[in-house]
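Enquirer: okay, here's the prediction I keep looking at, along with the sequence it came from:
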Amino acid sequence: MTTFKNMSMAAIVASVLVAAAHAQDIKDNILTKSGKRIRGVEVTEFSASAIKFKRGDDVDELPTTSIAAVEWFEPPEPLTLGHAAYKNGEFDNAANLFEEAAGKTERAVLKLEAQFFAARATVRAAGDDAAKAGPAISKLESFLSDAGDNYRSAEARLELGQAQLLAGQASDAEQTLSGLSSMVATQGLDPSWDVQAKLAIAKAQMLQSKLPAARSTFRRAKNAAESAIATATGPKTKLESFVAASVVGEGETFIAEKKYDEALRYFGKFEKDKNPVIAAAAKAGKGEALFLQADETGKKDGLRAAQIALAEANLTDPLGGTTTAKALYYSGKVILALGPDRESSDFAARARGYFDTVVKNYSGTAWAAKAAAEQK
Amino acid sequence: MSSRYIIILAAAAIALVASPTVAQKSKLAKDVDFVRRLATKLRFIDLAQAEAATLQKNNKDKSDFKLVSQLDIEISLIGARAHPVREQRRTMFKEALDKSTEFIDRYSGEAVADDARVTMVQACVQYGEFMLEEIEVARDEAPDTVGELEQRAADIFERGIDECDKFIKANAGKISDDRELEGKYYYCWLNKGVLQREKARAVKRDRNVLCSYARETFEELILEIGEESLLGLRGYFEMSRINEVQGQYRAAVGEYTDTIDGIVTALSTDELDLSQGTRDRLFDLMQEAYGAATQALLKDGAVDDVLAMCKKFREHLKEFGVGEDPFEIATPNKGHPVFLTEAKAMAESGDPQQVAAALAQVKLINEKHPNDIIGIRAKTVLKDVMAVAGGDASIVTGSTLFEIAKGEYQSRNYETAIGGFKRAYSAMTDAERNELGLELWRFTGRCYGVQKRYAEASLAFARGLEAHGASGFGKVDATADSLEKAWNGYRNACRNEDDRALRAMGTRINSLLNRYGGEIGAGKRAWKEANKLLTRKKYTEAHASFAQIPTDSPYYEPAQARRVICLQQLDKGSDARKVIAEYATYIANPKHAVPADDKTGQAGRRGQTQAAMAHLATVLDYEAANPTKGTKDPTKFGAIIEDISNFLVAHKQLGQDYFPRAYDMRARLYCELGEIVKAEESYRLLKKEFPANIYIPGIATRIFSAHRDRVKALETEMDARIKAGNASDTRKTQEALTNARRDALAMGLDYSQASTRPKYAMLSNTLNLAKDVQDWATVEKLGLRIDELFGQDPRSGEKVRKFVKPAIGEALLRQKRFRDAEKMLKESIEANPKNYTLKRLLALTLGGWIDVDENLNEQIVAGLDRPDEAYSILRNDYRKYIKAKAKKYDLQWYRFQWECYWAALSAKDKDSKFKGYAKSIYNNTEAREEFATLKGLGPEGERIFQLFINHPPF
């Protein structure tokens, strides 16, 4: 019997040639929002309006708004590792890996994908540090310049607006985000981008202490989200979370003004809203306001009420997303504020438990970073 | 990959060859076979491992010990495959590989090493397979570890390939005459191809080259052995899989289909006359081929083709298998992967009905495969479907989401479960909420409770009861019970703070508990509340609370005993007896008999209550007959003692809690009756059975008191006899008195040891008794203890200085420790200059005395031999005390006389003036009546008389 050691060079060459003749076809998988999965196709283009793909000689396309995700065929290893690093909160590492991935693929569509993720990871890596926002802005602008009408462009614009906010370029941010809102209307993009743009503008206004303007923008964002829900055909979870974010945002403008009683009155109006998403968000907002009020004034009377409100928010938030993460985060903070005098001796461990849960289970929310800071 | 099939094939080949030689096997070989079957056939892995270890231990020196070592390796491998915990499986695989390596190295060159090589190949195949599964899991969960895992897998496959080569090379020329060896030979050849192929799967960069090697290996094998043979068919199938590794799915599917068609043809015809074993192996191979084919089609995106093939698969299962349900017919680890692929295809159609059917199928697979790779893949499919369709109630119902969330709860992923429960509730229809709502919130509450998030837990349980407590579905009592526990947990976490928000929450929760607490809940609450009141000595309120507990509550019977306690404390003895009588009537009623299948512990509770009632009845009788204040009724003592004794016997098992009190009462009643010995018996029993019990010092005090009463009675008698002039009658009384004092002293000392905080009076009385019986060592010890405990106490310090220190001094003196005595007495005198007793003792220390025993034998004690100083103290100082306190010619006066006389007599040699003093005292004492008065003063008087007589002045 011939072992591999005895195999002739010709045989080896032949096997390589055979392998070359059977070069692997690209077989991406496309997952639609309806749950349907289209397997074994090659995505050739993915613009803001449509995804184009082929199987053999057959070419087809679907509207971008119907697409949930694309599973790329044998992506470069750094892309997979980059996603893992991003999920673990290792944003700098993730950015480097994504850039490496962009360099390792010949596929234009995958290259753009990697570039976008690199830019986004750079934004996350900046955290709250304005000094680090600059590189993020550069990367995003570079991506937008290369990407043209790519389906990630809207998201990139949103990220750019937020990076500009971080860098203190509030008016630039407003311009970027307003531009995004306009694109939704003119280019028929997913309306959720408009909602997100408005939410980001409202945050920009908050940062500029234009609080009445921010309140108005939050209300417009809420209306936009509710309109989008009314016409949406697929799952509405994300849009519902935007409605909640708008309600919370408006309430937070009062907190920003340190008008805690007004914030409490505001949230109180929504605590019994028939939409459970809003009701839960309002309870979390109430808990936050009570905690911050106690923190500000030094009077800890309202902390127990805060604890209960946050527990209610945690329990009743049907989306299990940002509102739950926030409620968990502040639950931990409240326990620490109550301290050994008013909580049982294991209070520190219980508080830590809350923070750990946020970091582990809600890493995609902004509360994860805050919770991580409490763990140190 | 069908490694199990390969083992069976190889084992079958070996078995065929082995059977003629069975009779020639050694006993050890037979034992080894038996243990092997335990593991392989019966799957008793732990037992097999234990048996293998025993065989190893008992056969260390045997020549065929290698068989046992080899067995150990095989069982490690089987155990590795079967272990439910993946991490443990990895360790065990590695262990099997290491053991194999060690074995091969040790026995290299011997035939047994070849057998080990075959096992090693097997281990590499299975371990490598396991590593590929790990890689698959890691791609999703920890992609950064994938590289390392791939390298490890590649190393394992390479090792396996190497061993195959060695075996093949070593045995190429030997197989023609040895069927068993031939089987192993082809086994290694086949698996070499498999290992090469799987290495190609693991190592992307060399994939094509490695695939070529694998193909060459398989082709040569098939040519050698023939395509039509079972092994040839297997080889062809394994070779087909190379296409899949290279991503050539259509080509792979074509060859898989060829395999399936070939098997179907073979199974459909009777001409081949296949054995059942061969048919079974072909049936399994067919399922594997379907599994590979459907997977390849799915990867290729041909979803419709997948569903069509699965339809055919079901038909073939029913045609060639046994049973009606294809899922049940299929071999779990061969056929279920096909159903999983089918479910994935259905889910990916996007059609809501198909997605729902897919979910149901995946759940079924998940249930059948809780721990293996098929289960892991099923969970991944579930997760994927949920990610997209989870928000669409038309696809995924609320009840389905609830089941999925419960799965997360069972896997202890509490936060994920909570999210799932919330989503499930949101997705439920009204009908679903009505039926499942309470259970859903109960589970949610449990998830929070486990994480000690009691506020959230309380609110979850509360929510469940508020919304669905009256629905008629779900466990209302259990939820209410959980609510109570969570609420208590929260209040404890809040340190029972009085806060407005907490009060509001408490109102809400208590309202729910009152409504939904149920019979059991209400009774339990009343019991807890009543006991709190009892602890706070609010007997009236506690009694009222105990009386509220309903008869069907498990707390009803114990509550009746507590009622009696309350009434007893309120001095309502007759009401208490009424409750006891009512209870007796209650339990005598057949309606209230303990059921034969008592599962709630009612029999135990009843037994304890009966014991309590019996005890309480004796307590009531005791307190009525022997009150602390008021008139005692000794006529009833005997009956009460009997009742107590009966109680101690009858309720030995369940009445132990009441025994100390029972012993206490009995001992006291015996004391009242003067039966001190019996009282002491009760006391000793109490000490033995309940050491350090709180009743012990009290009983000791009472018995001591009884002893002292007896001592006093004898002292009175003694005095009377002395006064009556019956000196000869006093001896017996003296004896009795001394014994009584000793008994009392023993009890006093017992008390002193038993009590952690003894009373001064008791110790002091005990000290005096020790003095009376002249137990000077005890006097010293006890005296020092009293000084330590009470010397600095302002209430008793004075008494210590006045009475206890002199006693210590005397004790030192009487133990002839004169220097210590002198020091101590002088210090004490300095502190108490008016304490004449101390001065007398100092005089005795300085001048000595004469001890006289019962038989009137004398012993002169010289003291510090300073009788002149002693005389001076006695005549100049102590005399003042005698003049004030003693009467002339009483015992104290006579004793003083004697002590002065003796000091003078002892000092006469130092100074002649003392002669005169001695004579003068002698004459004064004799008083011209020859000491007649002295002689009449009892034994002590007699003693002093004899001293004078025995030591005349000259």
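Expert: Yep, that arrived.
Enquirer: what segments of the stretch 101-250 of chain A are helices?
Expert: Along the stretch 101-250 of chain A, the segments classed as helices by DSSP state H, counting those that start in this stretch run A:108-126, A:133-147, A:153-166, A:170-187, A:191-207, A:211-231, A:237-256.
Enquirer: need those in a markdown table with distance to chain B, can you?
Expert: C-beta: built from backbone N, CA, C; applies to glycine. Formatted as a markdown table, the helices of the stretch 101-250 of chain A follow (distance: least, Cβ to the nearest Cβ, whole Å):
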| stretch | distance to chain B |
| --- | --- |
| helix A:108-126 | 14 |
| helix A:133-147 | 23 |
| helix A:153-166 | 19 |
| helix A:170-187 | 22 |
| helix A:191-207 | 14 |
| helix A:211-231 | 12 |
| helix A:237-256 | 5 |
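Enquirer: any chance of those helices in a markdown table, plus mean neighbour count and mean pLDDT?
Expert: Output for the helices of the stretch 101-250 of chain A, formatted as a markdown table (neighbours: other Cβ atoms under 10 Å in any protein chain shown; pLDDT from 0 to 100):
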| stretch | mean neighbour count | mean pLDDT |
| --- | --- | --- |
| helix A:108-126 | 23 | 91 |
| helix A:133-147 | 19 | 90 |
| helix A:153-166 | 24 | 90 |
| helix A:170-187 | 18 | 87 |
| helix A:191-207 | 24 | 89 |
| helix A:211-231 | 19 | 93 |
| helix A:237-256 | 23 | 91 |
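Enquirer: quick check: which of the ones you listed is nearest to A:Ala279?
Expert: Set against A:Ala279 and scored by Cβ to Cβ, the helices of the stretch 101-250 of chain A come closest in helix A:237-256, at 9.2 Å.
Enquirer: tabulate the CA atom coordinates of the helix or strand immediately after that closest one in the chain in PDB.
Expert: Later in the chain than helix A:237-256, the nearest helix or strand by DSSP states H and E is helix A:260-270. Output of helix A:260-270 as PDB, limited to C-alpha atoms (Å, rounded to 0.1, in the frame of the first residue of the first chain):
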ATOM      1  CA  TYR A 260     -35.700  66.200  39.800                       C
ATOM      2  CA  ASP A 261     -39.200  66.800  40.900                       C
ATOM      3  CA  GLU A 262     -40.200  67.700  37.400                       C
ATOM      4  CA  ALA A 263     -38.500  64.600  36.100                       C
ATOM      5  CA  LEU A 264     -40.400  62.500  38.600                       C
ATOM      6  CA  ARG A 265     -43.700  64.100  37.600                       C
ATOM      7  CA  TYR A 266     -42.800  63.500  33.900                       C
ATOM      8  CA  PHE A 267     -42.000  59.900  34.400                       C
ATOM      9  CA  GLY A 268     -45.000  59.500  36.600                       C
ATOM     10  CA  LYS A 269     -47.200  60.300  33.700                       C
ATOM     11  CA  PHE A 270     -45.900  57.300  31.700                       C
END
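Enquirer: so how far is helix A:260-270 off the chain centroid?
Expert: From the chain centre to the centre of helix A:260-270 is a distance of 27 Å (Cα atoms, centre = their mean, to the nearest Å).
Enquirer: also stretch B:59-78?
Expert: The answer for stretch B:59-78 is 40 Å, by Cα atoms, centre = their mean.
Enquirer: buried ones in it?
Expert: Using 16 or more other Cβ atoms under 10 Å in any protein chain shown as the test for burial, stretch B:59-78 gives B:59, B:64, B:66-78.
Enquirer: repeat that for stretch B:435-454.
Expert: By 16+ other Cβ under 10 Å, the buried positions in stretch B:435-454 come out as B:435-449, B:451-454.
Enquirer: likewise for stretch A:49-56?
Expert: So stretch A:49-56, judged by 16+ other Cβ under 10 Å, has buried residues A:50-53, A:55.
Enquirer: same check on stretch B:28-37?
Expert: B:28-29, B:31-32, B:35-36.
Enquirer: can you confirm A:Ile30 is in a strand?
Expert: Yes - assessed by DSSP: H, G, I helix; E, B strand; the rest coil, A:Ile30 belongs to a strand.
Enquirer: how far away is it from A:Lys54?
Expert: Distance, A:Ile30 to A:Lys54, by Cβ to Cβ, to the nearest Å: 12 Å.
Enquirer: list residues touching both of the two?
Expert: Common contacts of A:Ile30 and A:Lys54 (Cβ atoms under 8 Å, 6 or more residues apart in numbering or on different chains): A:Val41.
Enquirer: care to break the chain down by domain?
Expert: Picking chain A for this. Under automatic domain parsing, the residue ranges defining each domain of chain A are A:4-70, A:75-168.
Enquirer: look at chain B instead
Expert: Taken from automatic domain parsing, chain B resolves into B:1-246, B:518-591, B:602-677, B:847-954.
Enquirer: export those as TSV, with columns for distance to chain A and mean pLDDT.
Expert: Converted to TSV, those look like this (distance: least, Cβ to the nearest Cβ, whole Å; pLDDT from 0 to 100):
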stretch	distance to chain A	mean pLDDT
domain B:1-246	3	79
domain B:518-591	20	89
domain B:602-677	32	92
domain B:847-954	65	89
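Enquirer: who's in contact with A:Ala309?
Expert: So A:Ala309 contacts A:283-284, A:286-287, A:290 (Cβ under 8 Å, 6+ apart).
Enquirer: dump the helices of the stretch 101-250 of chain A to CSV, plus distance to B:Arg90.
Expert: As requested, the helices of the stretch 101-250 of chain A are exported to CSV (distance: least, Cβ to Cβ, whole Å):
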stretch, distance to B:Arg90
helix A:108-126, 32
helix A:133-147, 41
helix A:153-166, 40
helix A:170-187, 49
helix A:191-207, 44
helix A:211-231, 48
helix A:237-256, 38
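Enquirer: go through the ones you listed and name the closest to B:Ala170.
Expert: Closest approach to B:Ala170 among those (Cβ to Cβ): helix A:108-126, 49.9 Å.
Enquirer: rewinding a little: so which of the contacts of A:Ala309 wins on neighbours?
Expert: A:Ala284 (31 neighbours; other Cβ atoms under 10 Å in any protein chain shown).
Enquirer: which non-adjacent residue is nearest that one?
Expert: Nearest non-adjacent residue to A:Ala284, counting by Cβ to Cβ, 6 or more residues apart in numbering or on different chains: A:Ala313, 3.7 Å away.
Enquirer: give me the element the one you found is part of.
Expert: Counting by DSSP H and E, A:Ala313 is part of helix A:303-316.
Enquirer: chain center to whichever helix or strand comes after that helix, what's the gap?
Expert: Using DSSP H and E, the next helix or strand after helix A:303-316 towards the C-terminus is helix A:322-342. Its chain's average C-alpha position is 23 Å from that of helix A:322-342, according to Cα atoms, centre = their mean.
Enquirer: again, but for stretch B:909-924
Expert: Worked out by Cα atoms, centre = their mean, stretch B:909-924 lies 82 Å from the chain centre.
Enquirer: who touches A:Leu158 in this structure?
Expert: The neighbourhood of A:Leu158, defined by Cβ under 8 Å, 6+ apart, consists of A:177, A:180, A:193, A:196-197, A:200.
Enquirer: one more: B:Gly193?
Expert: Here B:Gly193 is in contact with B:214, B:217-218, B:221, B:235, B:238-239 (criterion: Cβ under 8 Å, 6+ apart).
Enquirer: name the surrounding residues that touch stretch A:37-47.
Expert: For stretch A:37-47, the surrounding residues in contact (Cβ under 8 Å, 6+ apart) are A:25-32, A:51-55, A:59-60, A:64, A:70, A:72-73, A:109, A:149-151, B:249, B:298-303, B:347-348, B:350.
Enquirer: just checking: which of the buried residues of stretch B:435-454 also lie near chain A?
Expert: B:444, B:448, B:451-453 (Cβ under 8 Å from any Cβ of the partner chain).
Enquirer: quick one: which of these sit in helices?
Expert: When these are checked against helices (DSSP state H), the matches are B:444, B:448.
Enquirer: taking the ones next to chain A among the buried residues of stretch B:435-454, tell me the two that lie furthest apart.
Expert: B:Thr444 and B:Lys452 (15.0 Å).
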